[in-house]
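Novice: Kindly generate the corresponding structure for this input.
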Amino acid sequence: MQKEQAQFEYCKGIIEGNIRRYEAEYQLRHMQVQEFHKQLNSGDEGAYNQLMTAASLEEHAFKSMKKNEAALLKPYFGRVDYVDHATEKQEQIYIGKNGVFKNKTDVLIADWRAPISSVYYENELGEGEYGLPDEKPIPIHLQLKRTYDIEDGVLRGFYDSDVASNDELLVQYLSRNKNEVLGEIIATIQKEQNEIIRESPFANIIVQGVAGSGKTTVAMHRISYLLYNYKHRFESNEFCIVGSNDLLLNYITSGLPELDVPNMKHLRMDQLFARLCEKDWLKKNRMIEPDETARHRCTMDFMQQLELYLMYKREEYVDVSALKDRRLGVILSESNNTTLLRENPNKSIHALLTMLDDRVKTRIKFLMSGQDRDKINAMLKEYAGYYKDKRPKASIYQFYSEFLDAWGRQKGISMTEHLAHVQSGELDVYDVAALALIHYRVTQKEPNQEFGLVFLDEAQDFGIGIYYVLKRILPDTYFTIMGDVSQNINYYTGLNDWYELQKLFLTGEKDKFKLLQKSYRNTIEISEFAGKILDKASFGMYKIQPVIRHGEPVSEKEFWSEVEMAEYTGELIADIRSKGYQTTAIICKNEGEAKKARLLLQEYTELVDGEKDNFSAGTMILPIRMVKGLEFDTVILWNPDIKHGIEKPETAKLLYVAATRALHELHILNC
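Specialist: So this is what the prediction gives:
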């Protein structure tokens, strides 16, 4: 302990010195930036390059200062001692949330994202290995793995363990209130989570994780890890997080700055498809909830039939017959035009017609080479836009309406009401996906290169048709897909197994399906209660393996009236606050029940407005579909009628989602 205390003080001393040095450098660069601004404003254009250089150095000094300030109170959380077999050198590495340097070249504390840090998360004592991204592993012999308990700049103790973070330390972190759990997760990343975080970005990954297994947290840390280790390949604005609602997205992205991830795009699924059509597309239309026809439109068959219809349209509009001129002969041959179509299967109708027009120009210039320039220009003018004039005049909405009508009649499904919604600009997520596919096949000018890597959270909430379209219109994008089929709240349109999705996405050598079966969120008592619901929800397909953390028994109470239940809830929330818990969710079956409960409860307790799409401390009243991916210190299920709810898998899944939001306490109130 004396040696560790001495090392701790030594590290703090280096960090304090770094803070002073970077603070002085920041002040100097800041003054230089202001001076160069003055020179530039006074007309000295030569000051521009100096300004850019000084601004870059100022930003670097500021970031380095902040990183060291963040490291001061908790410099590191782990240490590994090992022999590197490649050099036979003895190494001792301290690992922290923020990498710290002694000087410009020597590392004092390794960043958790550095390749060597994987030894702490994954290796057991003895022979092992670690690897640089996409390179051959380096063999080592691990002699010691140590985890530190550091609070507010004080070294309280340490634990030597053969696993990444022993249950004693893990339970300490999980037992704290909601505001603190995310900040400590880096120290307690488990082996199976770490493997997913460090998977290559050049692969599609599907992760099935039970409630509380850390899916969302793993996705966030994967983003941070990839940007740290592949910064020469990716910018953060090439990454995008996709979720089902704004509350979930705001909750996820609020933690990204802590993980050194700036400028991260985050979009709802409908916003992603809208962006793939045109950026202001949503201003022209209104999103609505899927209707009864969605269970047919969410399928692979529907989207494949739509694509077949678009292939026929391509043949109709792209004329491959020979283009002949009485003066020049054959300008474009049928065989060449057919080859053009065959070699460009992903080009839209508009793009193909543009390519044909470009070929016409090239061929005319070739056939008339050596002739008078005015004659050549006259011929070019005569054939200018020859193929462009053949472009479809119909909009993507008209194409979609035509297809919907024909498809509905063929299947014997009435689309009259839904067509009326589409034609008035009222669309659901499956309509938007279909329109994005039509845009891709009919009007897209250039391939979309905005998205390098897409992270999909709560993936089970969308039908396979959505993913078929994504794979089609973003063929060069890699996907990390996180979800739990036991939590599919859209039973008839979402995913109840991963079979079709695996066939669609896992086609490459590096593509993988991963399982997260251990729950770190709930106490044993809550996990056991949720497990009984899970048996009904997914027929026991994916069992929860809870961390051994005990808490209060699940409380179940019956009342004569909702007024009596509301009065009790007010007292219950006061008791919850007295225990220091900061986040409470009162979860209702649907939006209507949530509004009704809000009116009743506002007399008895202070509420946070959950409709503003921001996750915050306090008590929120939310419908089940809005709490996906979130977690709260305490959850109160408002009139859930669990006895009847578990009789059908579609309602059992909703109840399972609601019950597993609770970190510490779960209360069931019925009347």
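
Novice: Could I get the phi/psi values of the closest residue to residue 402 other than its chain neighbours?
Specialist: Using CB to CB, 6 or more residues apart in numbering and skipping the chain neighbours, the partner closest in space to residue 402 is residue 394 (7.7 Å). Every residue, glycine included, has its C-beta placed from N, CA and C. Dihedral angles of residue 394 (phi, psi; degrees, to the nearest 10) stand at phi -70, psi 150.

Novice: got it, and residue 666?
Specialist: Dihedral angles (degrees, to the nearest 10) for residue 666: phi -130, psi 130.

Novice: for residue 627, same thing?
Specialist: phi -100, psi 0.

Novice: show me the contacts for it.
Specialist: The contact partners of residue 627, taken as CB atoms under 8 Å, 6 or more residues apart in numbering, are 585, 587, 657, 658, 661.

Novice: May I have the beta-bridge partners of residue 265?
Specialist: Beta-bridge pairing of residue 265 under DSSP bridges involves residue 240.

Novice: pretty sure residue 365 contacts residue 376?
Specialist: Yes: in this structure, residue 365 is within contact of residue 376 by CB atoms under 8 Å, at 6.5 Å.

Novice: Who has more neighbours out of those two?
Specialist: Taking other CB atoms under 10 Å, residue 365 and residue 376 do not tie; residue 376 has more neighbours (16 against 13).

Novice: And what about that one, helix, strand or coil?
Specialist: Assigned with DSSP: H, G, I helix; E, B strand; the rest coil, residue 376 falls in the helix class.

Novice: switch to numbering from 524
Specialist: All set: I'll call the first residue 524, so the last point we hit is now residue 899.

Novice: Would you mind confirming that it makes contact with residue 884?
Specialist: No: if you go by CB under 8 Å, residue 899 and residue 884 don't touch, sitting 10.2 Å apart.

Novice: Report the secondary structure state of the residue nearest to residue 1142 when sequence neighbours are not counted.
Specialist: Ranked by CB to CB, 6+ apart and with sequence neighbours excluded, the top spatial neighbour of residue 1142 is residue 1107, at 4.5 Å. Following three-state DSSP, residue 1107 is assigned to strand.

Novice: quick one: contacts for residue 1107?
Specialist: Residue 1107 makes contacts with 1096, 1099, 1141, 1142, 1143, 1155, 1156, 1157, 1158, 1159, as judged by CB under 8 Å, 6+ apart.

Novice: quick one: least confident helix or strand in this structure?
Specialist: Least confident helix or strand of the chain, by mean pLDDT, DSSP states H and E, is helix 701-707 with a mean of 45.

Novice: following it, which helix or strand shows up next?
Specialist: Using DSSP states H and E, the helix or strand that follows helix 701-707 in sequence is helix 714-720.

Novice: Mind giving me the packing neighbours of the following helix or strand past that next one?
Specialist: Counting by DSSP H and E, the element after helix 714-720 in chain order, helix or strand, is strand 728-732. Judged by 3 or more CB pairs under 8 Å, 6 or more residues apart in numbering; DSSP states H and E, strand 728-732 is in contact with helix 738-752, strand 1001-1006, helix 1022-1028, strand 1035-1039.

Novice: Let's have these in JSON lines, adding distance to residue 723.
Specialist: Below are these laid out as JSON lines (distance: least, CB to CB, whole Å):
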{"stretch": "helix 738-752", "distance to residue 723": "9"}
{"stretch": "strand 1001-1006", "distance to residue 723": "9"}
{"stretch": "helix 1022-1028", "distance to residue 723": "15"}
{"stretch": "strand 1035-1039", "distance to residue 723": "10"}
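
Novice: okay, these in JSON lines with mean neighbour count, mean pLDDT and distance to residue 641 next?
Specialist: Shown next, in JSON lines, are the helices and strands packed on strand 728-732 (neighbours: other CB atoms under 10 Å; pLDDT from 0 to 100; distance: least, CB to CB, whole Å):
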{"stretch": "helix 738-752", "mean neighbour count": "23", "mean pLDDT": "90", "distance to residue 641": "10"}
{"stretch": "strand 1001-1006", "mean neighbour count": "24", "mean pLDDT": "96", "distance to residue 641": "18"}
{"stretch": "helix 1022-1028", "mean neighbour count": "16", "mean pLDDT": "96", "distance to residue 641": "25"}
{"stretch": "strand 1035-1039", "mean neighbour count": "17", "mean pLDDT": "94", "distance to residue 641": "16"}
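
Novice: Out of those, which gets nearest to residue 544?
Specialist: Closest to residue 544 of the helices and strands packed on strand 728-732 is helix 738-752 (CB to CB; 23.0 Å).

Novice: And the strands in the stretch 874-1023 of the chain, which stretches?
Specialist: For the stretch 874-1023 of the chain, the strands defined by DSSP state E, counting those that start in this stretch occupy 949-950, 976-979, 1001-1006.

Novice: Give the partner strands of the last one in its sheet and their orientations.
Specialist: If I follow you right, that is strand 1001-1006. Within its sheet, strand 1001-1006 is paired with strand 728-732 (parallel), strand 976-979 (parallel), according to DSSP bridges.

Novice: Equivalent analysis for the shortest one, please.
Specialist: Each strand paired with strand 949-950, and its direction, by DSSP bridges: strand 809-810 (parallel).

Novice: hey, which strand is longest across this structure?
Specialist: Secondary structure of the chain per DSSP state E: the longest strand is strand 661-674.

Novice: which other helices and strands contact it?
Specialist: Applying 3+ CB pairs under 8 Å, 6+ apart, we find strand 661-674 packed against strand 601-607, helix 641-645, strand 649-653, strand 677-683, helix 690-697.

Novice: Each with direction, which strands does the third one pair with?
Specialist: Using DSSP bridges, the strands paired with strand 649-653 in its sheet are strand 661-674 (antiparallel).

Novice: With just CA atoms, put the partner strand into CSV.
Specialist: Provided in CSV are the C-alpha atoms of strand 661-674 (Å, rounded to 0.1, in the frame of the first residue of the first chain):
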residue,chain,number,x,y,z
ILE,A,661,1.6,-9.8,-29.3
PRO,A,662,2.2,-12.8,-26.9
ILE,A,663,2.6,-11.9,-23.2
HIS,A,664,2.7,-13.5,-19.8
LEU,A,665,0.4,-11.6,-17.4
GLN,A,666,1.7,-11.6,-13.8
LEU,A,667,-0.6,-9.2,-12.1
LYS,A,668,-4.0,-7.4,-12.6
ARG,A,669,-4.9,-4.8,-10.1
THR,A,670,-8.0,-2.7,-9.7
TYR,A,671,-8.0,0.6,-7.6
ASP,A,672,-10.6,2.2,-5.5
ILE,A,673,-10.0,5.9,-5.9
GLU,A,674,-12.5,8.6,-4.8
